[in-house]
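*Asks:* Below is the structure, and that's it, no one-letter string:
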């Protein structure tokens, strides 16, 4: 009892702050689960208690079943995963050397270029989609996932470069110098010393670039026409909101399914992400 | 620190370290990605035209249109109609759908790229795009030869008297009745016969927990409702000659009415209305009245909601200026100048209109044909078809033919839906004006004056471009 009281005294204030915060953050997931397994008629019945299943048990799996049997949902997942993986790979290939170069280029030019690269990230897709339509059309990539692979790095690379630049700045130059004194070339020093130490930053770039790709809407709806080529972000609102009829159950199931592995992935690498985020914060 | 040490340690017992797991997962993902590409599935590689009964179809026709408010219509259209038409015409028809709110952005992208779909359907007259589309006079004439006169609403929505061309093909229009809960209105002893009755009943309905839902937001339904109510008050944006006449006593009356209606019988939700709000409001059991096409009654019927039999359909309530509603949707197809299949696209439009009885029935009486005899027999046949609907109260859909015939007009009535009207419509200036007055930001007089100035500037712009 004394130990409990002691624990409460020590951790109580922290729980008091974290508890409500966790409830607020977890609530959308809870709502997704409840709604995904509710009958449609029950969803619209305002007399029913909204935060649980009427009758105490999940009412139906029809929403999930509809998703897999009457839409191209699996295809949307595949497409999103494919574009996400390729774009992340391109982003890493371009942003890692760029971030490193900017971190080591001291002086006005380096800083100016860094700011310049970041500014390109701030140009919204709602402005860029019209000229990019022309590019996509010229390259005959319309209604092809490669159009997205071409366009998405335009916003993932600047963001990733900026993030990695901050991270590389925290790595002491002396480490590279020592490696080179031991006989490494600069490239070897990079691949054997700098990049392995930067893993938390690189992982952060991976997850953030992937999230940006998954969430992107404007390019995905503009450059892709057919249902089977759609990304998740477009397939769900286009095919599960049928005019006036919003298929809430299916929408919640469709968003819940990819959220689960992503949440597990985040959780597995939580410490590294925190290191990645805060890596550039201190020098 | 200890965690990192664990990872660096060699695994000696056949266990996977986290790093090893990542490596293998990465390799697996790469293999899957490559095999997916190599599989030449539709998503990753070009696949040739589909095979129908042992042959490849010669042509390809790409069509873009909305996700229909009656989902069953799209099912039939995509899996039956276009397949059969394609087989007859040796053409692979590719039908793509996007939500109605995404159509303008999609059209803008296709114009910028000068490539995309051969046929593009808009839900309101796309008069601003006239320089990007080909005139469809010959397709219109072909249908007129076989089906007779076009409806007035279709004519004024697609004909440009300045250029003397049809810039679009008026495939269909959708009557916009008032949909109301008979049981709730009965409880307060009223019916929505006139806007006066609506105002009187609104506070009672709201107090009973069942407000009225008429949007004043930047979206299609709010546009339609407000354009229509304006007409019922005798207020017009332009006269028959295309001159701006918005600054009138009738407009002030309409705006003051909307303010009173908001204060007495609407809720704040109407300022954030979207195209699905009407239906959701009604389906939730909360709403007592909306202005919406029949998708609002079809969905509760399909969901077998307990009050679906109490949903009645009437013509728009009468106002001091009469009874006149707007089309809820004006389905206008255009053929872009860059289309490679112009003749085939025209043939598709003509054939579709000549077969409109099926489209009318499959859309559950949502799509009305652009031509008076688009459904052979005209409104007489339409009345018979709608009267045969078995949903309760039986015969409730037969009123649709009266609404379509007598109380449905185009945006810009009594003039044409020209490019200036198109811009006023597309930028939602009318519901915005109503919202500003309802919220007390502007007086009705100031709002009407401001609109007059703004609309005249818009009209001048389009006159300078020689489209009005």
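*Replies:* Received the coordinates, thanks. Quick caveat, the model's predicted, so the values are computed rather than measured. Numbering: from 1, shown residues only, chains lettered A, B, ... in the order given.

*Asks:* neighbours around residue 122, how many?
*Replies:* Unless you meant another one, I'm taking chain A. Residue neighbour count, defined by other CB atoms under 10 Å in any protein chain shown, stands at 9 for residue A:122. Yep, even glycine has a C-beta here, placed from its N, CA and C like the rest.

*Asks:* oops, chain B please
*Replies:* Neighbours around residue B:122, by other CB under 10 Å: 24.

*Asks:* isn't it right next to residue B:417, touching?
*Replies:* No: with contact defined as CB atoms under 8 Å, residue B:122 does not count as touching residue B:417 (11.0 Å).

*Asks:* State which one residue of chain A is found closest to chain B.
*Replies:* Using CB to the nearest CB, the point where chain A gets nearest to chain B is residue A:243, with a distance of 3.1 Å.

*Asks:* Model confidence for that residue, exactly?
*Replies:* Residue A:243 is assigned a pLDDT of 70 by the prediction.

*Asks:* need the contact list for it.
*Replies:* B:66-71, B:100, B:275-276, B:295 (CB atoms under 8 Å, 6 or more residues apart in numbering or on different chains).

*Asks:* now, among those residues, which is nearest to chain A?
*Replies:* Proximity of the contacts of residue A:243 to chain A, judged by CB to the nearest CB, is greatest for residue B:69, which lies at 3.1 Å.

*Asks:* Residue B:422 versus the closest one, what's the distance?
*Replies:* With the distance defined as CB to CB, to the nearest Å, residue B:69 ends up 22 Å from residue B:422.

*Asks:* out of these two, which sits in the more crowded spot?
*Replies:* Using other CB under 10 Å as the criterion, residue B:69 and residue B:422 rank with residue B:69 on top: 30 against 25.

*Asks:* Tell me who's in contact with that one.
*Replies:* For residue B:69, the contacting residues are A:242-245, B:293, B:295, B:329, B:366, by CB under 8 Å, 6+ apart.

*Asks:* Most neighbours among the residues you listed, which one is it?
*Replies:* Among the contacts of residue B:69, the one with the most neighbours (other CB under 10 Å) is residue B:293, at 31 neighbours.

*Asks:* Identify the residue nearest residue A:222 in space, chain neighbours excluded?
*Replies:* With sequence-adjacent residues excluded and distances taken as CB to CB, 6 or more residues apart in numbering or on different chains, residue A:222 is closest to residue B:109, at 4.4 Å.

*Asks:* swap in residue A:186?
*Replies:* Of all residues beyond its chain neighbours, the one nearest residue A:186 is residue A:180 (6.8 Å), with distances taken as CB to CB, 6+ apart.

*Asks:* just checking, next helix/strand downstream of the host helix or strand of that neighbour?
*Replies:* When elements are assigned from DSSP states H and E, residue A:180 belongs to helix A:173-181. Proceeding N to C from helix A:173-181, the next assigned helix or strand is helix A:186-189, under DSSP H and E.

*Asks:* So which bits of whichever helix or strand comes after that following helix are buried?
*Replies:* Scanning forward in sequence from helix A:186-189 by DSSP H and E, the next helix or strand is helix A:195-197. Taking 16 or more other CB atoms under 10 Å in any protein chain shown as the neighbour-count basis, helix A:195-197 is seen to contain the buried residues residue A:195.
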